[in-house]
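Trainee: What follows is a predicted protein model with its sequence.
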Amino acid sequence: MRVEHALQRSTSSSPGSGPAEALSSTWVNELGSTMTLDAAPDGTITGSYTSAVGDTSTYPLVGNVDVNAVSFVVAFTASGSITAWAGHYNPASSQLELLWHLVEQPTGGADWAATLAGFDTFTQT
């Protein structure tokens, strides 16, 4: 039921309105991972993500922004994992405050053990 209420609130804003221009920048999280975002006026986000831990290759990033709500996904093809981030852009601090879920290939039938969750704060550089 809470999802339906949230969706009802989100449809009251105009799609794609918000801080797209402010998001088009380079961002760094608390672990030193970096991403470059290019947010179009229609709310589409493209860019790249480079992790500071594990596989440090650069991967493409895709997502959306609507008002201050932000979401994006990165497929880490070398490790067979995908991470999705969702949260808010805080214009007062120039930060992205995001929850994430990382899903990797399960081993031995332990599907939920292959799903990790956490929180990241990205600061605009």
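Mentor: Yes, it's here. Residues are numbered from 1 along each chain as shown.

Trainee: Show me what secondary structure element comes after the lowest-mean-pLDDT helix or strand in the chain.
Mentor: When each helix and strand of the chain is scored by mean pLDDT, DSSP states H and E, helix 2-10 comes last, with a mean of 48. As assigned by DSSP states H and E, the chain's next helix or strand after helix 2-10 is helix 20-23.

Trainee: Which neighbouring elements make contact with that following helix?
Mentor: strand 34-39 (3 or more C-beta pairs under 8 Å, 6 or more residues apart in numbering; DSSP states H and E). Glycine gets a C-beta too; all of them are placed from N, C-alpha and C.

Trainee: change it to 10 Å
Mentor: strand 34-39, strand 44-50, strand 58-66, strand 81-90 (3 or more C-beta pairs under 10 Å, 6 or more residues apart in numbering; DSSP states H and E).

Trainee: Including mean pLDDT and mean neighbour count, could these go into JSON lines?
Mentor: Shown next, in JSON lines, are the helices and strands packed on helix 20-23 (pLDDT from 0 to 100; neighbours: other C-beta atoms under 10 Å):
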{"stretch": "strand 34-39", "mean pLDDT": "97", "mean neighbour count": "20"}
{"stretch": "strand 44-50", "mean pLDDT": "97", "mean neighbour count": "18"}
{"stretch": "strand 58-66", "mean pLDDT": "97", "mean neighbour count": "18"}
{"stretch": "strand 81-90", "mean pLDDT": "97", "mean neighbour count": "18"}
